[in-house]
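**Student:** Give me the fold of what follows.
(one chain, ligands or ions: 1)
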Amino acid sequence: MDMKSRVLIVGGTGYVGKRIVKASIALGHPTYILFRPEVVSDIDKVQMLLSFKQLGAKLLEASLDDHQKLVDAVKQVDVVISAIGGGVVDHHILDQLKLVEAIKEAGNIKRFLPSEFGMDPDVMVHALHPGNSIFIDKRKVRRAIEARNIPYTYVSANMLAGFFAGGLGQLLDKAPMMPAQDKVLIYGDGNVKGIYLDEDDVGIYIVKSIDDPRTLNKTMFMRPPKNILSQNEVVEIWERLSGLKLKKIYMSEDQLLNMEGESYLEKMKRGHLYQIFIRGDLYNFEIGPNATEASELYPEVKYTTMDSYMKRYV
Ligand SMILES: NC(=O)c1ccc[n+]([C@@H]2O[C@H](COP(=O)([O-])OP(=O)(O)OC[C@H]3O[C@@H](n4cnc5c(N)ncnc54)[C@H](OP(=O)(O)O)[C@@H]3O)[C@@H](O)[C@H]2O)c1
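**Tutor:** Sure, this is the predicted structure:
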């Protein structure tokens, strides 16, 4: 009988991490969650951790700054998945270098998945400063993993639907996460294709990849064919489901990139919007020989289409 790998998830209380935890438990992996000592003062996170414990997960307390505890935690498992926070401005991506050192010293890890789950930081060519800072740091983590010969899978999950479909891509200013009722900003002509993913499907695809020899030392892209959609198509889905007709306000490449006096955060978001909706950086390249595509690898996963995802907002 196949033995399922024991999995340690770092960042299991986060937006992406909690989906990975649920998928790991659902797919029958002995699941361990590393939580930071600080978390015990956060009632929501404590209760989330306890709910995972009730489902069978084992909770391990350790700070990334406590090298020995980290090594001890890593030694208990076969696979490490990091979903450490990637907030647009104050992300913690480089903290993973400590995890890389612990994995190297432990010497037993069959697969490490660093916190990525968005655009592939190695292939994009239109990233702009300051939006590119998170990609630069994700690349540093990749290079550290490779330099230490740690077996890996990198995961590109493109656009998580809660952010990008739920809000119809309205990431500027207050960034609503509910679809608009009256008007919507369309970037460029709105026809550039992007790729949208249900967060729970992302968790499932990630966990499916960890024992799979086809994803060893490769990047796994998520490109479920029905979810390769333009911004106009996502807005049309919402209009059809809601019965609303939204006013479209078009923002050209020039207008998107040349705003005066805006904050660092807004600049970062504009850079990402430019890459995704103007230059098509999620879909403007072929998947190369050192990469795979999740929906082809795992056709048994009945992924959520955006038509179905958007029904929750009606
Ligand atoms: N493609 C997309 O649309 C998309 C959207 C969002 C995120 N992402 C990517 O997904 C990844 C995860 O982001 P997220 O939004 O899920 O993050 P998040 O919700 O901010 O979650 C952060 C998690 O990381 C933990 N963490 C943060 N700093 C840590 C540290 N120094 N040591 C240990 N744990 C630490 C947090 O633990 P505590 O509970 O202790 O704070 C929390 O569990 C990132 O790489 C991000 O770029 C992609």
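**Student:** Give me the three-state assignment for residue 267.
**Tutor:** Classification of residue 267 by DSSP: H, G, I helix; E, B strand; the rest coil places it in helix.
**Student:** number of nearby residues for it?
**Tutor:** Residues near residue 267, counting by other C-beta atoms under 10 Å, number 15. For every residue, glycine as well, the C-beta is placed using N, CA and C.
**Student:** Contacts only, for the closest residue to it other than its chain neighbours.
**Tutor:** What sits nearest to residue 267 in space, not counting adjacent residues and going by C-beta to C-beta, 6 or more residues apart in numbering, is residue 130, at 5.7 Å. For residue 130, the contact set (C-beta atoms under 8 Å, 6 or more residues apart in numbering) comprises 264, 267-268, 271.
**Student:** now these in TSV, with pLDDT?
**Tutor:** Listed next are the contacts of residue 130 as TSV, based on pLDDT from 0 to 100:
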residue	pLDDT
264	87
267	90
268	91
271	93
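**Student:** wait, which of those residues is closest to residue 171?
**Tutor:** Lowest distance from residue 171 to those (C-beta to C-beta) belongs to residue 268, with 9.9 Å.
**Student:** Any chance of the backbone angles for the residue nearest to residue 267?
**Tutor:** Backbone torsions of residue 130, given as degrees, to the nearest 10, read phi -90, psi 0.
**Student:** Equivalent analysis for residue 183, please.
**Tutor:** phi -140, psi 160.
**Student:** For the stretch 1-150 of the chain, just list every one of the strands.
**Tutor:** 7-10, 31-35, 58-61, 79-82, 111-113 (DSSP state E, counting those that start in this stretch).
**Student:** and the shortest one with the ligand, contact?
**Tutor:** Spelled out, that is strand 111-113. No. Strand 111-113 is not in contact with the ligand by C-beta under 6 Å from any ligand atom; minimum separation 10.7 Å.
**Student:** what about stretch 178-188, how long is it end to end?
**Tutor:** Start to finish, the residues bounding stretch 178-188 are 22 Å apart (C-alpha to C-alpha, to the nearest Å).
**Student:** now swap in stretch 107-126 and tell me
**Tutor:** One end of stretch 107-126 sits 37 Å from the other (C-alpha to C-alpha).
**Student:** Just the pLDDT for the spatially most central residue of the chain.
**Tutor:** By C-alpha atoms, centre = their mean, the chain has its centre lying nearest to residue 117, at 2.8 Å. Per-residue confidence (pLDDT) for residue 117: 98.
**Student:** Might one say that it is in contact with residue 14?
**Tutor:** No. With contact defined as C-beta atoms under 8 Å, residue 117 does not count as touching residue 14 (10.3 Å).
**Student:** re earlier: tell me the one of the contacts of residue 130 nearest the ligand?
**Tutor:** The ligand has its nearest neighbour among the contacts of residue 130 in residue 268, at 11.8 Å by C-beta to the nearest ligand atom.
**Student:** Give me the nearest residue to the closest one, chain neighbours excluded.
**Tutor:** That would be residue 131: by C-beta to C-beta, 6+ apart, it lies 4.4 Å from residue 268.
**Student:** since we're on that neighbour, how many residues are nearby?
**Tutor:** Residue 131: 19 neighbours (other C-beta under 10 Å).
**Student:** what's the helix of greatest length in the chain packed up against?
**Tutor:** Using DSSP state H, we find that the single longest helix of the chain is helix 133-147. Counting by 3 or more C-beta pairs under 8 Å, 6 or more residues apart in numbering; DSSP states H and E, the packing neighbours recorded for helix 133-147 are helix 96-106.
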